[in-house]
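J.: could you work out the structure for the sequence below:
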Amino acid sequence: MLAHVPTILIAVALATLLTVHILGRARPAAAARRDTATYAPARSLEIEIATPRSPTCGDGVCEAAETSCPGDCPGITTPTECGEEPHSDPAGEAVAWGSAPEHRVRSAAECCQRCMAHAAKNTRRPCNSWSFCYLPHCWSLDNGNTHTHGECWLKWQADVRHPLFGQRGRYSESFRRKNWDKHLSGRMPDGSKRNLTPPTHVPWTGGVIGRSVDYPRVTWTTDLPGADGAEMSSSAGERIVPWRAWESREQNLARGVPPEYMPLAKGNFGS
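T.: Numbers count the residues shown, from 1 in each chain. A predicted model of the protein is given here:
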């Protein structure tokens, strides 16, 4: 029968059989791996690069220095003996004028050290409380003055067991609305226009030397005066009347500041 099959068909059949035989033979493992590497689907290389998170003030996370966002970063940056309470402005008679160039410092810790150094050299009215402005512009009720970064106010209090404060903790919304325009007029030291509304928290940090601090277990709110004259209240139920350094002793007494806690003479202006 093969004699009747055209020669070309025989050649095609033989070529096909030869191809099937060659392809069907077992290949070396290395060749198989090369083929697999050659024909496997390509996978993209994913390199995870940590992208810095943009700090967001008000999210409850402290990403940067504690001074960057008063609401999120209320940390204490001074030794225990400094008695630091974040968002507080301890009062008292000023024994070192914080706005003077020679009394400006770089940190709360340095301000505390200044206070203790003053106490070591002065026995009559030694520094026992201090206030430090850590923001470019520290809001305060004495709107006739502009307090700026680095101010370190050294003060003397008559009774450190019952320290006086000018402002403390968080500002209530009613307090902020009432005093919204206090620092919207006037000029900054560089001549630029002041444009600062009350922040959410007291923009000062300060302490009473040697005093035990309950923060953050106990927090404070500065509000409008209550029936008892108190403008500051704590989460523990304590209420206090603020001492205002720019007012006379008589004015402070009239508002309800206990006389036994006040300086004997008319208070010098503080923060």
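J.: give me the distance between the two termini of stretch 150-169.
T.: End-to-end span of stretch 150-169 (Cα to Cα, to the nearest Å): 20 Å.
J.: buried sites along it?
T.: Neighbour-count burial for stretch 150-169 flags 150-158, 160, 163-169 (criterion: 16 or more other Cβ atoms under 10 Å). For every residue, glycine as well, the C-beta is placed using N, CA and C.
J.: can you list which of those residues are found in strands?
T.: In this view, these that belong to strands under DSSP state E are C152, W153, L154, K155, W156, F165, G166, Q167, R168.
J.: pLDDT score assigned to the closest residue to the fourth one other than its chain neighbours?
T.: Residue nearest to K155 in three dimensions, not counting chain neighbours: G92, with 3.2 Å by Cβ to Cβ, 6 or more residues apart in numbering. Here, the pLDDT recorded for G92 equals 92.
J.: check contacts around G92.
T.: Counting by Cβ atoms under 8 Å, 6 or more residues apart in numbering, G92 makes contact with 128-129, 155-158, 163-164, 243, 245, 263, 267, 270.
J.: least confident pick among those?
T.: Among the contacts of G92, G267 carries the weakest pLDDT, at 43.
J.: ends of stretch 157-177, how far apart?
T.: 31 Å.
J.: any weak-confidence spans in the stretch 51-200 of the chain?
T.: 51-55, 57-74 (pLDDT under 70).
J.: can you give me the strands for it?
T.: 84-86, 88-90, 93-96, 129-133, 137-138, 147-148, 152-156, 165-168, 170-171 (DSSP state E, counting those that start in this stretch).
J.: quick check: P263 touching V95?
T.: No. At 10.4 Å, P263 and V95 do not qualify as touching, with contact defined as Cβ atoms under 8 Å.
J.: quickly list what's touching both of the two.
T.: Both P263 and V95 are contacted by W156, under the criterion Cβ under 8 Å, 6+ apart.
J.: just the helices in the stretch 51-200 of the chain please.
T.: Using DSSP state H, counting those that start in this stretch, the helices of the stretch 51-200 of the chain run over 108-121, 173-178.
J.: comparing the ones you listed, which comes out most buried?
T.: Mean neighbours per residue, mean count of other Cβ atoms under 10 Å, is largest over the helices of the stretch 51-200 of the chain for helix 108-121, with a mean of 19.
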